[in-house]
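Visitor: Sharing a model prediction with you, sequence too.
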Amino acid sequence: MPVIDVHTHIFTHPWLDLLQRRGGSYNIQVRPDGQREIFRGNTPVVIPQKGHFDYDLRIAHMDQAGIDISVMSLTCPNVFWGDEETSCEAARESNDSLAQARRTYPDRLRWFASLPWEYPERALDELKRACDNGASGVMVLANIAGRSLTEAAFAPIWAEIDRRALPVLVHPTDPPGVDLMDMTQFDLSWSVGFMFDTTLAITRMIFDGFFDRFPHLKIIASHAGGTLPYLAGRFTKGDEVELAQRRKMQRKPIDYLRHIYYDCISYNPASLEFLISVVGAEQVMFGTDWPHWVHDTSGAFANTERLPAAQRDAVRSGNAQRVFGF
């Protein structure tokens, strides 16, 4: 069976140049080890790697690792910076690069579209254009420049994604308030803040009745769902004591946790096994986070190899084939 990596990232040189010129609070700083890192203010966000910019190098890595298909996305901070024209230009540029990569390697590469979510009409135009150019789904950060994904202003975008039944990778970035929570040191914005960002975004969707309003969405919660599986019991108890007149969900929280999808990026086999025990192996897909500094290609293979054969094959291949229609 083919191995399908649903969580792998790109940057482009024009995108990075645009960020440097018109990125607002985003800036480039040099780490003590000499690597350039993207910051928001004084909060570290991401370290660009050579593989982010080089599709040939990506294919070489896939060949060496044994990955047949990669679904690529523009990683954080995506296009949620600058003014309206800057955001739209960043989305078009990165989407065009991904579409060309797909044409160059049609059997190996797929992609998630980035959208200028803060400008819904423009986002809808870009969604249509991207889908016409071969996008397999949509990438969205877990907060859109500090705004919640469930905001009413974004509903028209979600409605169109739902109509198209597209997979959506919900990927974290630095959450609002990282400076107030003292997460700017020790990469806490990554190790803790990113997990918090995903967990809060998906939890809000569940309790807000989001998946009842948009039942055809195929949400993929990054990094094994953050802390979502660990909080399943707490969600259940919270729902039990909620006031009936405030309740928006039509089902139980665990039903929604078993409705969405996850990647296998946990860095720990016991964490992956626990995720599967909560949501089922049919909801988990293979991911590596390549080529990030913290990518875990070898760990993704090693951790999924520990699973029973049927679960391993579903995670590495079968689930993505079903969700994406590959």
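Guide: Perfect, thanks for sending it.
Visitor: what number of residues lie near residue 248?
Guide: Residue 248 has 12 neighbouring residues, counting by other CB atoms under 10 Å. In this view, the C-beta of every residue, glycine as well, is placed from N, C-alpha and C.
Visitor: I misspoke; the intended subject was residue 316.
Guide: 26.
Visitor: wait, isn't it in contact with residue 6?
Guide: No - between residue 316 and residue 6 there is no contact under CB atoms under 8 Å: 10.5 Å.
Visitor: so what strands line up beside the helix or strand where residue 38 lies?
Guide: Assigned by DSSP states H and E, residue 38 belongs to strand 36-40. Applying DSSP bridges, strand 36-40 is found paired with strand 26-30 (antiparallel), strand 43-46 (antiparallel).
Visitor: Is it possible to get TSV of the ones you listed that adds distance to residue 181, mean neighbour count and mean pLDDT?
Guide: Formatted as TSV, these follow (distance: least, CB to CB, whole Å; neighbours: other CB atoms under 10 Å; pLDDT from 0 to 100):
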stretch	distance to residue 181	mean neighbour count	mean pLDDT
strand 26-30	19	13	89
strand 43-46	10	21	84
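Visitor: got those strands as JSON lines, with distance to residue 36 columns?
Guide: Formatted as JSON lines, the strands paired with strand 36-40 follow (distance: least, CB to CB, whole Å):
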{"stretch": "strand 26-30", "distance to residue 36": "5"}
{"stretch": "strand 43-46", "distance to residue 36": "10"}
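Visitor: so which of those strands comes closest to residue 229?
Guide: Residue 229 lies closest to strand 43-46 among these, at 25.0 Å (CB to CB).
Visitor: in the stretch 51-200 of the chain, which spans are strands?
Guide: 69-74, 109-114, 137-141, 167-171 (DSSP state E, counting those that start in this stretch).
Visitor: out of these, which comes closest to residue 311?
Guide: Per CB to CB, nearest to residue 311 of the strands of the stretch 51-200 of the chain: strand 69-74, 19.6 Å.
Visitor: Helix, strand or coil: sort out residue 248 for me.
Guide: Three-state assignment for residue 248 (DSSP: H, G, I helix; E, B strand; the rest coil): coil.
Visitor: distance of it from residue 211?
Guide: Going from residue 248 to residue 211 by CB to CB, to the nearest Å gives 11 Å.
Visitor: same check, this time on residue 289
Guide: 25 Å.
Visitor: who's in contact with residue 178?
Guide: By CB atoms under 8 Å, 6 or more residues apart in numbering, the contact list for residue 178 reads 43, 184, 188-189, 193.
Visitor: nearest to residue 145, of those?
Guide: Of these, the one sitting nearest to residue 145 (CB to CB) turns out to be residue 43, at 13.8 Å.
Visitor: my read: the closest one touches residue 186, true?
Guide: No - Residue 43 is not in contact with residue 186 according to CB under 8 Å; the separation is 11.8 Å.
Visitor: ok so, going back, now the common contact residues for residue 316 and residue 6.
Guide: Residues touching both residue 316 and residue 6 (CB under 8 Å, 6+ apart): residue 286.
Visitor: show me the contacts for residue 259.
Guide: The contact partners of residue 259, taken as CB under 8 Å, 6+ apart, are residue 211.
Visitor: Quick one, grab the pLDDT at residue 57.
Guide: Residue 57 is assigned 97 on the pLDDT scale.
Visitor: what does residue 239 give?
Guide: Note for residue 239: predicted pLDDT of 85.
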